[in-house]
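**Q** Return atomic coordinates for the entry below.
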Amino acid sequence: MMLKEALQYLIELATPRIEFLGDREQVYSTQRMYHIPESTPNAIQVHSLSGLVEYLQSKFDGDSKLMVHVVSPTEVECFSTFNRDYQRNFLIQATAMLPKFSFDQWYDPENFNIKLQSCFVQTDDRDIMLKLVGNIKEEAVKTIGDDGVSQAVVAKTGVATVGDVKVPNPVVLKPYRTFVEVDQPASEFIFRMQSGPRCALFEADGGAWKLEAMRSIKEYLAAALDKEIQDGKIVIIA
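**A** The predicted structure follows:
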């Protein structure tokens, strides 16, 4: 009998108990306890806003209320409210696939020409730069004027003639920097050239294009998901 009681006592010692003590009901345990977190899903990865919209409209994973967060010009994520551990279920993430262009980096005219055509939307300033870079001669780049900014290069000015051509500066361009479903934001760039010759673009808008791009993404999603928003199933923030 004593052995049975002793075993029962040991079992009780090994069994944790939760107690609430004091006026503020502070929680104590008689044993060390380990948290078992609630499982959360791996987010689906897509590379377009249309893919994100199609998933949300399909209600594939249920019909609960969701929030769509425009994180940046290249990332949008969708998640549910808190679970029991105050963690959110991230269901889908859209990441834009963009061509690579390195600002603040010098390119030779041939590569710069290719980058202008493949990484930028057609604009008047882009066409002027393409014409200049395509006709440049291998001569020294000159600095002209008293402002320390203006430049000139030796380039073709006619069918068989060459002469000094002023480098356009600043230029307004639309590089591919956000999802293709929305209009690419235009911003100013400093276009500079060096002897060699070499060309480079430097951003000059302080990053204001990012806010414009995020606003455009939010407007696109709001229009595409209007019914879901009106039904109170989706909230969009940027």
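
**Q** Please make it C-alpha for all contacts and neighbour counts, starting now.
**A** Noted.

**Q** How about the secondary structure of residue 177?
**A** Classification of residue 177 using DSSP: H, G, I helix; E, B strand; the rest coil returns coil.

**Q** Run the chain-centre distance for stretch 109-124.
**A** 22 Å (Cα atoms, centre = their mean, to the nearest Å).

**Q** same check, this time on stretch 70-89
**A** Distance of stretch 70-89 from the chain centroid (Cα atoms, centre = their mean) equals 15 Å.

**Q** just stretch 52-59 next, same as before
**A** Distance, centroid of stretch 52-59 to centroid of chain: 20 Å (Cα atoms, centre = their mean).

**Q** Show me what the mean pLDDT comes to for that stretch.
**A** Averaging pLDDT along stretch 52-59 gives 95.

**Q** ditto for stretch 208-216
**A** 95.

**Q** how about it: buried residues?
**A** 209-210, 213-216 (16 or more other Cα atoms under 10 Å).

**Q** Centre of the chain to it, how far?
**A** 11 Å.

**Q** residues in contact with it?
**A** 70, 72-73, 178, 182-187, 238 (Cα atoms under 8 Å, 6 or more residues apart in numbering).

**Q** give me that answer again for 10 Å
**A** Residues outside stretch 208-216 that contact it (Cα atoms under 10 Å, 6 or more residues apart in numbering): 70-76, 174, 177-179, 181-188, 217, 219-220, 222, 237-238.

**Q** which of those residues count as buried?
**A** For the contacts of stretch 208-216, a neighbour count by 16+ other Cα under 10 Å gives the buried set as 70, 72-76, 174, 177-179, 182-188, 217, 220, 222, 238.

**Q** all helices for the chain, in order.
**A** Using DSSP state H, the helices of the chain run over residues 2-14, 49-58, 109-119, 124-135, 208-224, 226-230.

**Q** got the contact list for residue 190?
**A** By Cα under 10 Å, 6+ apart, the contact list for residue 190 reads 104, 149, 168-172, 200-205.

**Q** So what's the predicted local confidence for it?
**A** Residue 190 is assigned a predicted lDDT (pLDDT) of 91.

**Q** in the sheet, who's paired with it?
**A** Beta bridges link residue 190 to residue 202 when assigned by DSSP bridges.

**Q** now it: how far from residue 103?
**A** With the distance defined as Cα to Cα, to the nearest Å, residue 190 ends up 10 Å from residue 103.

**Q** Overlap of the contact sets of these two?
**A** 200-203.

**Q** any chance of the residues you listed in JSON lines, plus neighbour count, pLDDT and distance to residue 126?
**A** Below are those laid out as JSON lines (neighbours: other Cα atoms under 10 Å; pLDDT from 0 to 100; distance: Cα to Cα, whole Å):
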{"residue": "200", "neighbour count": "19", "pLDDT": "93", "distance to residue 126": "13"}
{"residue": "201", "neighbour count": "21", "pLDDT": "94", "distance to residue 126": "12"}
{"residue": "202", "neighbour count": "15", "pLDDT": "94", "distance to residue 126": "14"}
{"residue": "203", "neighbour count": "14", "pLDDT": "92", "distance to residue 126": "15"}
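
**Q** domain assignment for this structure?
**A** The chain breaks down into these domains under automatic domain parsing: 44-98+213-237, 109-206.

**Q** averaging pLDDT over each of those domains, which comes out lowest?
**A** Looking at those, the weakest mean confidence is domain 109-206, a mean of 78.

**Q** Start and end of that one, how far apart?
**A** With Cα to Cα, one end of domain 109-206 sits 26 Å from the other.

**Q** Then stretch 63-75?
**A** Terminal-residue distance, stretch 63-75 (Cα to Cα): 23 Å.
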